[in-house]
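J.: Could you look at this predicted model? Sequence included:
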Amino acid sequence: MPNSDNTFGTFNKQTKIIGQIDDGSTVLTEFADVAAAKSFFFTDDALTCMDETCTVLLWALENDGNGKATRLKTTFAFGTKGNSDIAEADDWAAQYLTRKTALTNAGNWTKPTSQEITFTDSSSHLG
């Protein structure tokens with residue numbers, strides 16, 4: 001569950017579409033629900049990082065060009081702790097970035113899959 005630090009608003013809103021590359025020869029994994037897609041693409045540590053540092057965190061399945069739910073869409077944003085004594089590096093967005101970088105560098109952000117995956121920016125936010 002995302003944190004609830006929205007007293008001062010939320011910032012840095014982003015939407016990403018996580019998909020499998022369709023090379024025409026590999027069967028893509030089709031998801032029954034959001035939970036299945038999240039666990040297919042992300043490690044438990046990555047999901048924990050998002051849950052703990054994001055203030056807005058929304059998920060949805062998205063269909064590919066064949067009408068199959070092979071993609072995952074997420075919109076996320078960060079609140080601020082709002083305390084002038086808090087260093088920028090200790091606020092939510094910076095914590096997310098630091099933790100994501102460490103997990104990515106350790107090969108522990110996304111799960112290995114038989115398909116190559118992509119992250120595409122989207123301006124069509126959820127919620």
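T.: Looks like it came in fine.
J.: all contacts plus neighbour counts: C-alpha atoms, from now on.
T.: Noted.
J.: Show me where this protein has its helices.
T.: 34-41, 44-53, 92-105 (DSSP state H).
J.: In a markdown table: these, plus mean pLDDT and mean neighbour count.
T.: Output for these, formatted as a markdown table (pLDDT from 0 to 100; neighbours: other CA atoms under 10 Å):
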| stretch | mean pLDDT | mean neighbour count |
| --- | --- | --- |
| helix 34-41 | 97 | 18 |
| helix 44-53 | 98 | 18 |
| helix 92-105 | 96 | 16 |
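J.: Please name whichever of those is nearest to residue 83.
T.: With respect to residue 83, and counting by CA to CA, the nearest of the helices of the chain is helix 92-105 at 12.1 Å.
J.: tell me the angle that closest one makes with helix 44-53.
T.: Angle, helix 92-105 to helix 44-53, by axes from the mean of the first three to the mean of the last three CA atoms, to 10 degrees: 170 degrees.
J.: rewinding a little: now the helices of the chain as CSV including distance to residue 81?
T.: Formatted as CSV, the helices of the chain follow (distance: least, CA to CA, whole Å):
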stretch, distance to residue 81
helix 34-41, 27
helix 44-53, 11
helix 92-105, 7
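J.: right, so of those, which gets closest to residue 82?
T.: Nearest of the helices of the chain to residue 82, taken as CA to CA: helix 92-105 at 10.4 Å.
J.: by contact count, what packs against that closest one?
T.: Helix 92-105 sits against helix 44-53, with contacts defined as 3 or more CA pairs under 8 Å, 6 or more residues apart in numbering; DSSP states H and E.
J.: For the helix it packs on, list the C-alpha coordinates in PDB.
T.: Only the C-alpha atoms of helix 44-53 are listed here, as PDB (Å, rounded to 0.1, in the frame of the first residue of the first chain):
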ATOM      1  CA  ASP A  44       9.100  -8.600  -4.500                       C
ATOM      2  CA  ASP A  45      11.800  -6.000  -3.500                       C
ATOM      3  CA  ALA A  46      10.800  -3.700  -6.300                       C
ATOM      4  CA  LEU A  47       7.200  -3.900  -5.400                       C
ATOM      5  CA  THR A  48       8.000  -3.200  -1.800                       C
ATOM      6  CA  CYS A  49      10.100  -0.200  -2.800                       C
ATOM      7  CA  MET A  50       7.200   1.200  -4.900                       C
ATOM      8  CA  ASP A  51       4.600   0.500  -2.100                       C
ATOM      9  CA  GLU A  52       6.800   2.300   0.500                       C
ATOM     10  CA  THR A  53       7.900   5.300  -1.400                       C
END
